[in-house]
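Asks: missing the sequence, but the structure's below:
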């Protein structure tokens with residue numbers, strides 16, 4: 001069992017977008033997670049932090065865009081998202097604070 005601080009290192013923040021809201025209608029919650037986190041770590045973190053049962057975890061890595069700032073090229077960080085599907089009857093309200 002990991003400490004609470006280590007669990008919050010795995011799960012950074014919930015993602016609230018139009019796509020994430022549509023996923024939540026099917027019992028899924030979307031989190032931004034650490035880029036090196038794997039699916040079992042994400043499952044353990046969500047289950048222990050929110051006291052819910054996780055059915056499945058799907059992850060995507062969004063590559064950072066190249067942007068210009070005052071003519072200088074820069075690159076945004078890569079972001080890893082976890083789509084966490086919950087068992088029937090379990091819910092997480094991401095609109096309130098953690």
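Replies: In hand now; what should we look at? All figures in this text were calculated on a predicted structure; none of them were measured in a lab.
Asks: in stretch 36-55, what's buried?
Replies: Residues of stretch 36-55 classed as buried by neighbour count (16 or more other C-beta atoms under 10 Å): 37, 41-43, 45-47, 50, 52, 54. Every C-beta, even on glycine, is put in place using the N, C-alpha and C of the backbone.
Asks: What's the first helix or strand after the helix or strand hosting residue 30?
Replies: Using DSSP states H and E, residue 30 falls within strand 28-33. Counting by DSSP H and E, the next helix or strand C-terminal to strand 28-33 is helix 39-50.
Asks: Bridged to the residue positioned nearest the centre of the chain, which residues?
Replies: What sits nearest the mean C-alpha location of the chain, by C-alpha atoms, centre = their mean, is residue 31, with 1.7 Å. Bridge pairing for residue 31 (DSSP bridges) gives the partners residue 14, residue 82.
Asks: Can you tell me the closest non-neighbouring residue to residue 74?
Replies: residue 67 (5.6 Å; C-beta to C-beta, 6 or more residues apart in numbering).
Asks: What is the helix or strand where residue 8 lies packed up against?
Replies: For residue 8, the host element (DSSP H and E) is helix 4-10. With contacts defined as 3 or more C-beta pairs under 8 Å, 6 or more residues apart in numbering; DSSP states H and E, helix 4-10 has these neighbours: helix 39-50.
Asks: what angle sits between the helix it packs on and strand 28-33?
Replies: Counting by axes from the mean of the first three to the mean of the last three C-alpha atoms, to 10 degrees, helix 39-50 points 110 degrees away from the direction of strand 28-33.
Asks: and the closest residue to residue 81 other than its chain neighbours, helix, strand or coil?
Replies: The spatial neighbour of residue 81 that comes closest, neighbours along the chain excluded (C-beta to C-beta, 6+ apart), is residue 60 at 5.1 Å. Following DSSP: H, G, I helix; E, B strand; the rest coil, the label given to residue 60 is strand.
Asks: Show the contacting residues for residue 60.
Replies: For residue 60, the contact set (C-beta atoms under 8 Å, 6 or more residues apart in numbering) comprises 80-81, 83.
Asks: Could you provide these in CSV, with additional columns for neighbour count?
Replies: Below are the contacts of residue 60 laid out as CSV (neighbours: other C-beta atoms under 10 Å):
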residue, neighbour count
80, 18
81, 18
83, 19
